[in-house]
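J.: Make a model of this:
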Amino acid sequence: MPHAINTDEFTFTGKKAIKLEEHETKIKDVYKNKADYRKLIKASQKKINDLQRMMYAHDRYSMLLVFQAMDAAGKDGTIRAIMSGVNAHGITVHAFKEPSAEELDHDFLWRTTVRLPQRGRIGIFNRSYYEEVLVVKVHPEIVQSMQRLPANRTDNLEELWRQRYTSIRDFEKHLWHNGTRVLKFFLHLGRDEQRQRFLDRIDEPDKNWKFSEGDVKERKFWDDYQQAYQDAINATATKNAPWFVVPADDKKNMRLIVAQIILEQLKSLDMEYPEVTSERRDELQQFRKKLLQD
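T.: Predicted structure coming up:
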């Protein structure tokens, strides 16, 4: 029997500190077999699409999905698997990599702020402003040599990280107050599983394009990244902008869990289709008659 999905198991709102080493990267399957997985994911796609259509018509809310993970955790595939059934007009996807010169000339939240979803839409960030307290924290030389902050702002790096956590919390609180629901996913991949996926990228010709020397280089900093993720989650998880730590060693499990979380969060929004008045219905019938006579 498949394991039922209880999303509370993966939800963190800041009430209790998380220790990533205590959370499994693989759990019992939440699907029976491949056919069952396909059935479940398609059903989730349809439900998400239906709720997003209502969100678009309601035109009061938007939703921001933030995906963060170690390399090879499956961010791209998860986004594609869950959102492939959603109307393309209702979603936007942005992948954030190394900042451009223009982005470096602004504060660390600027480049993602200008990509926020409009009302009625779901925005997806493949990596995000959290890189500024993750990769930059693991490699502080980035902030010291590339981000061109005033010298006295980088003298005390621990204080800098605390300030950035505060800025992120305030930013996400601001979004919530203005109708944007923020869901943050950490796809929790095991170190051994990452190694196997890198080997697959080398051994399977159709995956060679995915392999980067930098992937192997960053593995040396595995423990540092785990600590950085743990610190970021503990510092920024709130009731209105929760983190979801999702086991990522099994991609099918991961995708079904993420889809269920998105569905539950969409259902929690107070949305409805705009009410059509009796006068408007009469008007529409007049238009209908004209069209039939055309």
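
J.: which residues does the spatially most central residue of the chain contact?
T.: Central residue of the chain (Cα atoms, centre = their mean): residue 66, 2.4 Å from the mean position. Residue 66 sits next to 125, 128, 130, 182-185 when contact means Cβ atoms under 8 Å, 6 or more residues apart in numbering. For every residue, glycine as well, the C-beta is placed using N, CA and C.

J.: Same question for residue 207.
T.: Contact partners of residue 207, counting by Cβ under 8 Å, 6+ apart, are 200-201.

J.: Need the per-residue pLDDT for it.
T.: Per-residue pLDDT puts residue 207 at 90.

J.: go on, residue 5?
T.: As predicted, residue 5 sits at a pLDDT of 94.

J.: likewise the one 4 residues further on?
T.: Among the per-residue scores, residue 9 holds a pLDDT of 96.

J.: what do you get for residue 26?
T.: pLDDT, residue 26: 96.

J.: sorry, back to before: among the contacts of residue 66, which pair sits farthest apart?
T.: Checked with Cβ to Cβ, the contacts of residue 66 reach their widest spread between 130 and 183, with 13.0 Å between them.

J.: the more surrounded of these two?
T.: Neighbour tally, residue 130 and residue 183, criterion other Cβ atoms under 10 Å: the higher count belongs to residue 130, 25 against 21.

J.: Report the beta-bridge partners for the nearest residue to the more buried one once chain neighbours are set aside.
T.: Of all residues beyond its chain neighbours, the one nearest residue 130 is residue 68 (5.3 Å), with distances taken as Cβ to Cβ, 6 or more residues apart in numbering. Beta-bridge pairing for residue 68 (DSSP bridges): residue 186.

J.: separation between residue 68 and residue 88?
T.: Using Cβ to Cβ, to the nearest Å, residue 68 is found at 24 Å from residue 88.

J.: So these two - more neighbours on which side?
T.: With neighbours defined as other Cβ under 10 Å, residue 68 and residue 88 compare such that residue 68 has more, 21 against 9.

J.: Could you give the average pLDDT over the helix or strand that residue 283 is a member of?
T.: Assigned by DSSP states H and E, residue 283 falls within helix 278-293. In this model, helix 278-293 has an average pLDDT of 88.

J.: Output the below-cut-off pLDDT ranges for the chain.
T.: The chain contains residues with pLDDT under 70 at 1.

J.: what residues are up against residue 173?
T.: 238, 240-241.

J.: so of those, which ones are in strands?
T.: Among the contacts of residue 173, no member falls in strands (criterion: DSSP state E).

J.: between those, which has the most around it?
T.: residue 241 (23 neighbours).

J.: any idea how far the residue nearest to residue 130 lies from residue 236?
T.: Counting by Cβ to Cβ - residue 68 and residue 236 are separated by 11 Å.

J.: and if you look at residue 196?
T.: From residue 196 over to residue 236 the distance is 31 Å, taken as Cβ to Cβ.

J.: okay, the two: which has more neighbours?
T.: Taking other Cβ under 10 Å, residue 196 and residue 236 do not tie; residue 236 has more neighbours (24 against 12).

J.: how far is the helix ranked longest in the chain from where the chain is centred?
T.: As assigned by DSSP state H, the longest helix anywhere in the chain is helix 34-58. The chain centre lies 17 Å from the centre of helix 34-58; the measure is Cα atoms, centre = their mean, to the nearest Å.

J.: what's that helix packed up against?
T.: helix 75-83, helix 251-267 (3 or more Cβ pairs under 8 Å, 6 or more residues apart in numbering; DSSP states H and E).

J.: hey, which of the ones you listed is tucked in deepest?
T.: Burial of those is given as mean neighbour count (mean count of other Cβ atoms under 10 Å); helix 251-267 ranks first at a mean of 20.

J.: and residue 57, what is it in contact with?
T.: 120, 273-274.

J.: from those residues, which ones fall inside helices?
T.: Going by DSSP H, the helices hold none of those.
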